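> pasting the sequence and the predicted model now:
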Amino acid sequence: MHDFDLGYVQGMSDFLSPILVLMENEVDAFWCFVGLMDRVHKNFEMDQLYIKQQLSNLKNLIEIVNPRLANYLESHDSDHMYFCFRWILVAFKREFSFDDIMHLWEVLWTDIPCKAFLLLFCVAILDQQVHLIIENKFGLTEILKHVNNLSMRIELEKSLRSAEAIYHQLAAVQDKLPRHICEILSFAYDEEENNTHPK
């Protein structure tokens, strides 16, 4: 075992399996996996603080991008965003085919246009589902079931384009965004320009 402090945590195999398919040599596969874990190991820490922070950041982004959905989730005790836990934990590994997840991961791990693009991708997918969720008056259980049932049914290219569009829309008004949103998206924050928003 390479990292005795972290050990094995459920979900790591989701990242390992594509590497084993792509790499012909087990030694090369191991070191690729080590490198990947260096990037995503915070997802698997026992206190889950990083995942919880990511879910909180996702909630904050939805409040800006789709206030209607944010208000609905809050009124239905779903604004903790736990129904997106699996998406973030394994970077959508269980939601797409092998070819699609390879493409998605390649996009996500460029950190372009920002390191939080995974969260914008989540926002884009939820934005496509908002009418169905609200019109059917889904509660937490129904939202969780619906999100899980999206597996293998999400349109990858459409969602990527939507996520990129959301990023550029927010970038265009970054001087009007609250500080915490600027920090999530790595935008520069100007105290004077943004003085109408809370820190």
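That came through fine. Numbers count the residues shown, from 1 in each chain.
> domain parsing for the protein?
12-44, 49-184 (automatic domain parsing).
> gap between the two ends of the last one?
This points to domain 49-184. Terminal residues of domain 49-184 are spaced 16 Å apart (C-alpha to C-alpha, to the nearest Å).
> so where's the protein uncertain?
When residues are selected by pLDDT under 70, those of the chain lie in 1-8, 192-199.
> now the helices for it?
Using DSSP state H, the helices found in the chain span residues 12-22, 26-40, 49-65, 67-75, 85-89, 98-108, 117-135, 140-149, 156-172, 179-184.
> redo these as a markdown table? Include mean neighbour count and distance to Glu191.
Using the backbone N, CA and C atoms, a C-beta is placed for each residue, glycine as well. Formatted as a markdown table, these follow (neighbours: other C-beta atoms under 10 Å; distance: least, C-beta to C-beta, whole Å):
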| stretch | mean neighbour count | distance to Glu191 |
| --- | --- | --- |
| helix 12-22 | 15 | 40 |
| helix 26-40 | 13 | 32 |
| helix 49-65 | 18 | 19 |
| helix 67-75 | 16 | 25 |
| helix 85-89 | 20 | 31 |
| helix 98-108 | 15 | 31 |
| helix 117-135 | 19 | 25 |
| helix 140-149 | 15 | 37 |
| helix 156-172 | 16 | 19 |
| helix 179-184 | 18 | 9 |
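> as CSV, the ones you listed with distance to Asp190 would be great.
As requested, those are exported to CSV (distance: least, C-beta to C-beta, whole Å):
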stretch, distance to Asp190
helix 12-22, 38
helix 26-40, 31
helix 49-65, 17
helix 67-75, 24
helix 85-89, 30
helix 98-108, 28
helix 117-135, 22
helix 140-149, 36
helix 156-172, 14
helix 179-184, 9
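> where's Leu16 relative to Phe30, distance?
Remark: distance between Leu16 and Phe30 (C-beta to C-beta, to the nearest Å) = 9 Å.
> and Val130, what does it touch?
Asn66, Arg68, Leu69, Tyr72 (C-beta atoms under 8 Å, 6 or more residues apart in numbering).
> which one of those is nearest to Val90?
Val90 has its nearest neighbour among the contacts of Val130 in Leu69, at 23.4 Å by C-beta to C-beta.
> contacts only, for that closest one.
Listed by C-beta under 8 Å, 6+ apart, the contact set of Leu69 reads Ile62, Leu126, Asp127, Val130, Ile133, Ile134.
> these into JSON lines, with extra columns for distance to Leu55?
Formatted as JSON lines, the contacts of Leu69 follow (distance: C-beta to C-beta, whole Å):
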{"residue": "Ile62", "distance to Leu55": "11"}
{"residue": "Leu126", "distance to Leu55": "12"}
{"residue": "Asp127", "distance to Leu55": "17"}
{"residue": "Val130", "distance to Leu55": "18"}
{"residue": "Ile133", "distance to Leu55": "17"}
{"residue": "Ile134", "distance to Leu55": "20"}
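> quick check: the farthest pair among those?
Most distant of these, by C-beta to C-beta, are Ile62 and Ile134, 13.2 Å apart.
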